[in-house]
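Visitor: structure, please.
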Amino acid sequence: MVQVKNSKNRLEQLQYFEPGKVDARPEDTEPPIAGRKNLVIGVEERNTGSFSVGAAFSSVEQLYGFAEVTQGNFDLFNPPNFTGGGQKFRLRVQLGTVLQDYTLTFEEPWFLGRKLRFISEAYHHEADYLSLENIYFESRTGFTIGLEKALFERELRGDYLRGGIYYTLEDVGIRLNSGFHGETALPGPGTGGPSGTGGDLTGGSGNPAEPNVPQSILNEVGHNLLSRGRGTLSLDTRGGGLLPNKGQHTELSGEIVSSVLGGDKDYYRFRLSTGWYFRGALPGHVIELIGQVGTAGGLGSQDVPFYDRYYLGGLYDLRGFHYRSVSPREPGFNEPIGGDTFYFLSAEYSIPIFEQDKEKGIGVRLAFFYDAGEVYTQSWASPFSSTTSFGDNYGIGLRLNLPIGPLRLDYGIPISHDSFNGSSGRFQFGVGYTRAF
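Guide: Here you go, the predicted structure:
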């Protein structure tokens with residue numbers, strides 16, 4: 001029956017059939033064979049293509065609108081309908097007050113006639129919300145190709161353990177916003193000085209203006225081509241739907257950015273993330289425990305650029321702090337520049353307030369949580385190293401399962417913080433019952 005359950009779960013995860021309408025029952029063979037059964041499957045098909053338009057808001061990306069076209073049963077080689085091949089196609093556009101995202105994704109789950117998942121994605125992202133002081137604007141344009149495969153399937157009795165290899169080539173652009181500059185001599189008013197500098201920053205003396213941007217950011221102004229090779233290993237045994245109540249999800253990833261592969265930078269990054277889920281003291285209660293650790297370092301004489309360092313703070317980790325505000329700084333600046341090592345721990349206990357059956361799906365949950373984390377300047381720093389970038393918080397939250405999808409609202413209150421962060425509480429608002437790694 002374990003194998004029967006796995007077969008049913010795999011069919012449901014294809015998303016070709018209506019939720020709850022996959023029936024799997026063993027029946028005797030004709031004529032009967034000792035130790036063998038026929039597995040009879042009954043399904044109710046669903047539409048696999050969709051077009052959606054809407055608007056969303058979060059405490060990180062703020063307000064944005066989106067349009068998305070998806071086809072879960074795509075066939076690249078079957079024009080003009082392009083359906084029936086089991087491939088995945090997705091085109092998404094997001095336009096907002098502080099972001100622009102364009103993403104085109106194609107997946108082939110049975111590549112070269114094998115149980116091998118081929119992934120390709122082309123994208124262009126623009127973000128004007130990453131800087132705490134609104135110093136810079138970041139853009140990323142590139143493409144990714146990758147292969148994923150289930151590992152040791154027989155031993156685990158399911159597709160829980162997966163490995164993946166990926167290659168990404170992307171252009172990263174950093175542009176200073178109006179009013180920010182490095183150390184430079186600037187002409188006086190009306191002489192065609194740089195836009196947004198506010199005229200003569202030298203006071204007419206001709207001496208260089210003092211920079212008002214951290215050097216780590218100034219070093220990356222302009223465009224750089226990054227050539228990334230990445231590998232992942234993940235184990236996922238979660239169960240319970242939108243809000244897992246058992247099992248765990250653990251992922252180990254490592255990547256190398258190398259000029260040998262055609263890029264401009266040389267560095268590495270490693271990250272380990274794990275989430276564990278348990279049933280609580282009473283029916284419907286859920287315990288969520290999350291741990292993360294990561295480190296990065298330059299290769300040769302290079303350093304990790306600030307936009308690929310680690311930061312904490314915001315909706316996805318330290319919920320009592322501003323987005324990416326827990327981080328090392330350069331002396332004399334309030335702007336975070338990221339660190340090469342981080343640690344993060346979180347515990348959350350949620351209880352149901354109002355829940356309908358799975359067919360209707362509407363529900364409200366109350367959550368209590370504690371988060372703690374720290375970011376270090378150096379690579380491979382131990383959790384006992386001295387740091388000024390430590391923060392922890394406690395808080396309360398709501399989990400709303402609505403017809404438009406799951407939403408989460410958290411209010412975190414800092415306990416420990418550095419001199420760059422205050423003790424005032426902060427609201428965090430976003431989509432989803434659980435936090436993505």
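
Visitor: tell me the pLDDT at G196?
Guide: Looking at G196, its pLDDT is 41.

Visitor: typo on my end, it should be E12
Guide: So, for E12, pLDDT stands at 82.

Visitor: count of residues packed around the residue lying closest to Q215 once chain neighbours are set aside?
Guide: In space, and not counting its chain neighbours, Q215 is closest to E330: 6.4 Å by C-beta to C-beta, 6 or more residues apart in numbering. Using the backbone N, CA and C atoms, a C-beta is placed for each residue, glycine as well. Using other C-beta atoms under 10 Å, E330 has 14 neighbouring residues.

Visitor: cool, and the one 10 residues further on?
Guide: Residues within reach of D340, counting by other C-beta under 10 Å, total 24.

Visitor: next, give phi and psi for it.
Guide: D340 adopts backbone torsions of phi -90, psi -10, taken as degrees, to the nearest 10.

Visitor: now do K8
Guide: Dihedral angles (degrees, to the nearest 10) for K8: phi -60, psi -40.

Visitor: cool, the one 3 residues further on as well?
Guide: When read as degrees, to the nearest 10, the backbone of L11 gives phi -60, psi -40.

Visitor: ok, it touching E44?
Guide: No: here L11 does not reach E44: they are 11.5 Å apart, not a contact under C-beta atoms under 8 Å.

Visitor: between those two, which one's more packed in?
Guide: L11 (16 against 11).

Visitor: circling back: can you check which residues contact both of L11 and E44?
Guide: F17 (C-beta atoms under 8 Å, 6 or more residues apart in numbering).

Visitor: quick one: the closest residue to G397 other than its chain neighbours and Y167, what's the gap?
Guide: Excluding the flanking residues, the one nearest G397 by C-beta to C-beta, 6+ apart is D410, at 3.8 Å. D410 sits 36 Å away from Y167, going by C-beta to C-beta, to the nearest Å.

Visitor: and these two? Which one has more around it.
Guide: When D410 and Y167 are compared for neighbours, D410 comes out ahead with 24 against 14, by other C-beta under 10 Å.

Visitor: can I assume the more buried one is in contact with R435?
Guide: No: with contacts defined as C-beta under 8 Å, D410 does not count as touching R435, sitting 9.9 Å away.

Visitor: between those two, what contacts are shared?
Guide: Joint contacts of D410 and R435 (C-beta under 8 Å, 6+ apart) are L315.

Visitor: Three-state assignment for F89, please.
Guide: Following DSSP: H, G, I helix; E, B strand; the rest coil, the label given to F89 is strand.

Visitor: which residues touch it?
Guide: Contacts of F89 by C-beta under 8 Å, 6+ apart are V69, T70, Q71, F74, F82, T105, F106, E107.

Visitor: cool, N334 as well?
Guide: L132, E133, F420.

Visitor: need the per-residue pLDDT for it.
Guide: 96.

Visitor: so it: helix, strand or coil?
Guide: coil.

Visitor: for I135, see how far away it is.
Guide: 10 Å.

Visitor: cool, and T388?
Guide: 21 Å.

Visitor: what's the helix or strand for V4?
Guide: helix 2-13 (DSSP states H and E).

Visitor: buried residues in that helix, which are they?
Guide: N6, K8, L11, E12 (16 or more other C-beta atoms under 10 Å).

Visitor: could you export those residues as CSV, including distance to S253?
Guide: Shown next, in CSV, are those (distance: C-beta to C-beta, whole Å):
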residue, distance to S253
N6, 26
K8, 30
L11, 29
E12, 27
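
Visitor: Y349 reaches F278, doesn't it?
Guide: No: using C-beta under 8 Å, Y349 is not in contact with F278, being 9.8 Å away.

Visitor: now do the shared contacts for the two.
Guide: Joint contacts of Y349 and F278 (C-beta under 8 Å, 6+ apart) are V286, I287.

Visitor: show me where the stretch 101-250 of the chain has strands.
Guide: Using DSSP state E, counting those that start in this stretch, the strands of the stretch 101-250 of the chain run over 117-127, 136-150, 161-176, 222-236, 248-257.

Visitor: where does the stretch 251-400 of the chain dip in pLDDT?
Guide: For the stretch 251-400 of the chain, the stretches with pLDDT under 70 are 357-361.

Visitor: would you list every one of the strands in it?
Guide: 267-279, 286-298, 341-355, 363-376, 390-402.

Visitor: out of the buried residues of helix 2-13, who's nearest V172?
Guide: Lowest distance from V172 to the buried residues of helix 2-13 (C-beta to C-beta) belongs to E12, with 39.0 Å.

Visitor: now that closest one. Nearest residue, chain neighbours left out?
Guide: Closest to E12 by C-beta to C-beta, 6+ apart is V22, at 5.2 Å.

Visitor: how much space separates that neighbour from N401?
Guide: For V22 relative to N401 (C-beta to C-beta), the value is 22 Å.

Visitor: could you do G182 as well?
Guide: 49 Å.

Visitor: ok, A367 next?
Guide: 13 Å.

Visitor: got the contact list for L398?
Guide: V364, R365, L366, A367, R408, L409.

Visitor: got the angle for the host helix or strand of G430 vs strand 390-402?
Guide: Assigned by DSSP H and E, G430 falls within strand 426-431. Angle, strand 426-431 to strand 390-402, by axes from the mean of the first three to the mean of the last three C-alpha atoms, to 10 degrees: 40 degrees.

Visitor: buried sites along strand 426-431?
Guide: Buried-residue list, strand 426-431, by 16+ other C-beta under 10 Å: R426, Q428, F429, G430.

Visitor: any chance of the strands of the stretch 101-250 of the chain in CSV, plus distance to G86?
Guide: Formatted as CSV, these follow (distance: least, C-beta to C-beta, whole Å):
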stretch, distance to G86
strand 117-127, 11
strand 136-150, 15
strand 161-176, 18
strand 222-236, 21
strand 248-257, 25
